[in-house]
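**Q** Show me the folded form of this:
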Amino acid sequence: MPDPSPVFERHYKNYLARLAGLDFSAVGPAAGADVLGANGTPALSMAYFTSKYTITGQGITGPAGNPAAYDVCAILSRYLIMASDRSKSSSPPVAGVGEWTNFRDLREAGPLTVYFRDNVEALICGDLAGNASRAALALAGLGGTVPDLGARYDLMLEFRGLPHIPMLLLFNDAEEMFPASCSVLFRSDVDSHLDAECIAMMGYRLAILVREAMKAGTAGGR
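**A** From the prediction side, this is the model:
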């Protein structure tokens, strides 16, 4: 596995045990995943940002068939487990699901707000600062689309992290007395799909993808 630590192995085995108990034929459509079931083994195929992952009760693998990184395993597992729990619940739909909200306003986000600010929004802001004019082109490969929100930003892109979890990137470059600023927003029902820790990890994954795309764009323009 990408991280051989005992803690990783223990959590990973726990996730697989829970995944093995899920009804993939039911949870797959609810989670926006494709049901495979090749060779008689229940399996799902699900997009996470721009990559496709295969999920079974025996493991989670990436596009090349290699074991997925721990953060990917945790996020996909929690997403599917919560989708299964949600489908069994009789709770009413979350109000205001069409609204965008900051990470800090999510339930149980408190201990992670500084992490999200420093390792997601500040990281993206540093990579986009002074590069807003070419960022949209550089980030096109990440599947970012311009939403019709009637707002004005130097850069405004919506990404599909997971089937039911869009992410909105808002960026303004530095101008006169104002420093560059960046916000990553989620739909207000996001914490019914993932816990705060996994949402924060998704934000960090977006930050890394943005960094890689910006570096590739710079190299390609030389």
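**Q** and the closest residue to Met214 other than its chain neighbours, what does it touch?
**A** Distances taken as Cβ to Cβ, 6 or more residues apart in numbering put Asp127 closest to Met214, at 4.9 Å, once the chain neighbours are dropped. Just so you know, the C-beta spots here come from the backbone N, C-alpha and C atoms, and that holds for glycine as well. Asp127 makes contact with 207, 210-211, 214 under the criterion Cβ atoms under 8 Å, 6 or more residues apart in numbering.
**Q** ok, now with 6 Å
**A** Residues in contact with Asp127, defined by Cβ atoms under 6 Å, 6 or more residues apart in numbering, are 210-211, 214.
**Q** Where does it fall, secondary structure wise?
**A** Counting by DSSP states H and E, the element that carries Asp127 is helix 122-128.
**Q** Give me the helices and strands touching the very next helix or strand once past that helix, please.
**A** For helix 122-128, the following helix or strand on the C-terminal side (DSSP H and E) is helix 132-138. Identification of packing neighbours for helix 132-138 by 3 or more Cβ pairs under 6 Å, 6 or more residues apart in numbering; DSSP states H and E yields helix 196-220.
**Q** Only the buried residues of the helix it packs on, if you could.
**A** 196-203, 205-210, 213-214, 217 (16 or more other Cβ atoms under 10 Å).
**Q** can you pull the buried residues of stretch 103-118?
**A** 103, 106, 109, 112-113, 115-117.
**Q** Show me what whichever strand or helix holds Leu76 is packed against.
**A** Using DSSP H and E, Leu76 sits within helix 70-88. Contacting helix 70-88 under the criterion 3+ Cβ pairs under 6 Å, 6+ apart are the following elements: helix 6-20, helix 24-31, helix 196-220.
**Q** can you list contacts of that helix?
**A** Contacts of helix 70-88 from elsewhere in the structure, counted by Cβ under 6 Å, 6+ apart, are 3, 8, 12, 15, 18-19, 22, 27, 30-31, 60, 162, 193-194, 198, 201.
**Q** Write the PyMOL selection for whichever of these are buried.
**A** To isolate the buried subset of these in PyMOL, counting by 16+ other Cβ under 10 Å, use the following:
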select buried, resi 8+12+15+19+22+27+31+60+162+193+194+198+201
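**Q** what two of the contacts of helix 70-88 have the greatest distance between them?
**A** Using Cβ to Cβ, the contacts of helix 70-88 span at most 29.3 Å, a distance reached by Asp3 and Ala30.
**Q** Output the below-cut-off pLDDT ranges for the chain.
**A** Along the chain, segments meeting pLDDT under 70 span 1-7, 38-40, 89-98, 218-222.
**Q** And it, what are its domain boundaries?
**A** As given by automatic domain parsing, the domain ranges for the chain are 6-88, 101-220.
**Q** Please state the offset of the longest one from the chain centre?
**A** Relative to the centre of its chain, domain 101-220 is centred 10 Å away, using Cα atoms, centre = their mean, to the nearest Å.
**Q** Over to stretch 68-76?
**A** On the basis of Cα atoms, centre = their mean, stretch 68-76 is displaced by 11 Å from the centre of the chain it belongs to.
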